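Student: Need a 3D model of the sequence below.
(one chain, ligands or ions: 1)
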Amino acid sequence: MLVGLYGGTFDPVHTGHTHAALAVKRALELAEVRMVLAARPGHRGAPAENTAHRWQMLCLACDQHPGLVADDMELQRSGTSFTIDTVMAVRESANAVVPCWILGQDAFATLPIWYRWQSLLDFCNLIVVERPGDTRQEPEAVQSLCHTHEVQTFDPGRVGQIYRLNIAMKEVSATAIRSDIAAGKAVEHLLAPPVYAYIRQHRLYVNTENAI
Ligand code: ATP
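Tutor: This next block holds a predicted model:
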């Protein structure tokens, strides 16, 4: 069974995330995509909003889309949220599960700073989607990993593959949404309606100090 795992701080979850998850699900015929909330991310700064708010927003967004499931496994673990621990746990949960970790090319370029990144492909596939507006060069270590693991045709029966999916993504980012909210600009079109309502209700991101 092919299972998509889409990790993020989701601070907040936006239509760029859900579009990417649904597009990969459809293209690779995944059974489901688990949206894994990075509770305590290891390789980036602390999120602007607390875990409880980010989790509520993620649940509201996933409720809109059958096939997307909010996953709290990194919330249940203590300590830093390492992707390797998540993919190992999913792979070991059932023999037939083939985890597919979905990530934007911006996140993919940062792979060498992830904990035990060289072991990730022993437990999952990496599905890379474009990130509009991102122009960064992939570091040499990533290029060399691609050299040995990138495939042009995806094999649903195994792990260890890097597969780039050529599907148009939306130019939406949580950073821009946070600063737009702080600046009083409209963001409604970038969020699922219940997520937008939740942000308004709890007055999230209005403090400019949080709008990094
Ligand atoms: P921030 O701006 O706070 O970094 P973000 O919008 O990049 O947030 P994250 O939660 O950090 O969102 O990202 C989680 C994953 O989603 C990463 O793999 C990232 O590349 C991917 N991603 C984020 N936005 C998009 C998008 N618009 N299209 C495709 N992938 C995206």
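
Student: Quick check: closest non-adjacent residue to E74.
Tutor: Leaving aside its chain neighbours, E74 sits nearest to S81 (4.0 Å; criterion: C-beta to C-beta, 6 or more residues apart in numbering). (C-beta placed from N, C-alpha, C; glycine too.)

Student: Stretch 102-118 near the ligand at all?
Tutor: Yes. Contact of stretch 102-118 with the ligand (C-beta under 6 Å from any ligand atom) involves L103, G104, D106, A107.

Student: circling back: so what's the residue nearest to E74 up against?
Tutor: The neighbourhood of S81, defined by C-beta atoms under 8 Å, 6 or more residues apart in numbering, consists of G7, A38, A39, R40, P41, G42, E74.

Student: Kindly report the same for L204.
Tutor: Neighbours of L204 in contact, by C-beta under 8 Å, 6+ apart: P12, E49, H53, I181, Y198.

Student: Pull the number of nearby residues for the fourth one.
Tutor: Residues lying near I181 (other C-beta atoms under 10 Å) number 24.

Student: Which residue is the nearest non-sequential neighbour of D134?
Tutor: D106 (4.3 Å).

Student: how many other residues sit next to that neighbour?
Tutor: 15.

Student: Please enumerate the strands of the chain.
Tutor: Ranges of strands in the chain, per DSSP state E, are 2-8, 32-37, 68-71, 98-104, 125-129, 162-165.

Student: okay if I get these as a markdown table plus mean pLDDT, mean neighbour count and distance to M57?
Tutor: Formatted as a markdown table, those follow (pLDDT from 0 to 100; neighbours: other C-beta atoms under 10 Å; distance: least, C-beta to C-beta, whole Å):
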| stretch | mean pLDDT | mean neighbour count | distance to M57 |
| --- | --- | --- | --- |
| strand 2-8 | 97 | 23 | 11 |
| strand 32-37 | 97 | 24 | 10 |
| strand 68-71 | 98 | 20 | 9 |
| strand 98-104 | 97 | 23 | 19 |
| strand 125-129 | 98 | 25 | 21 |
| strand 162-165 | 97 | 18 | 25 |
